[in-house]
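Asker: sequence first, predicted model second:
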Amino acid sequence: MGYMMAKKHLEINPDHPIVQTLRQKADVDKNDKAVKDLVILLFETALLSSGFSLDDPQTHSNRIYRMIKLGLGIDDDDVPAEEPETVAVPEEIPPLEGDDDASRMEEVD
């Protein structure tokens, strides 16, 4: 039955500005982690756009977070290692103002 499955094809447009810029950056430094992450992100995004699923979505998410930090100019050393801030939630939430009908169920014909 394996012969019946469609083959996956990856088409790359070498004239696209993203591909050209990635090529230039890779030529400058072949070991640049940011370029490698961008190429993998581009591939994984193409997979998702085509309806395929990722083997490890958590790695994909971490890669996106690294790219966002890079774009914002945040170093890993700048990010505090403290736990997220917790917000106290009141035991009873007050009703919304002007919502007198909230306690009645909506009548359906």
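Answerer: Great, that's in hand.
Asker: show me the shaky parts of the protein.
Answerer: Counting by pLDDT under 70, the chain contains low-confidence residues at 1-6, 77-90, 93-109.
Asker: in it, which spans are helices?
Answerer: Secondary structure of the chain by DSSP state H: the helices cover 17-28, 33-49, 57-72.
Asker: which of those helices sits closest to H9?
Answerer: Counting by Cβ to Cβ, H9 lies closest to helix 33-49 out of these; the figure is 10.6 Å. (Each C-beta comes from the backbone N, C-alpha and C, glycine too.)
Asker: measure how that closest one sits relative to helix 17-28, angle-wise.
Answerer: Helix 33-49 runs at 150 degrees relative to helix 17-28, counting by axes from the mean of the first three to the mean of the last three Cα atoms, to 10 degrees.
Asker: list the contacts of helix 33-49.
Answerer: 10, 18, 22, 25-26, 29, 53-54, 60, 63-64, 66-67, 70 (Cβ atoms under 8 Å, 6 or more residues apart in numbering).
Asker: which positions within it qualify as buried?
Answerer: 35, 37-39, 44 (16 or more other Cβ atoms under 10 Å).
Asker: what angle do it and helix 57-72 make?
Answerer: Using the same axes, to 10 degrees: helix 33-49 against helix 57-72 is 130 degrees.
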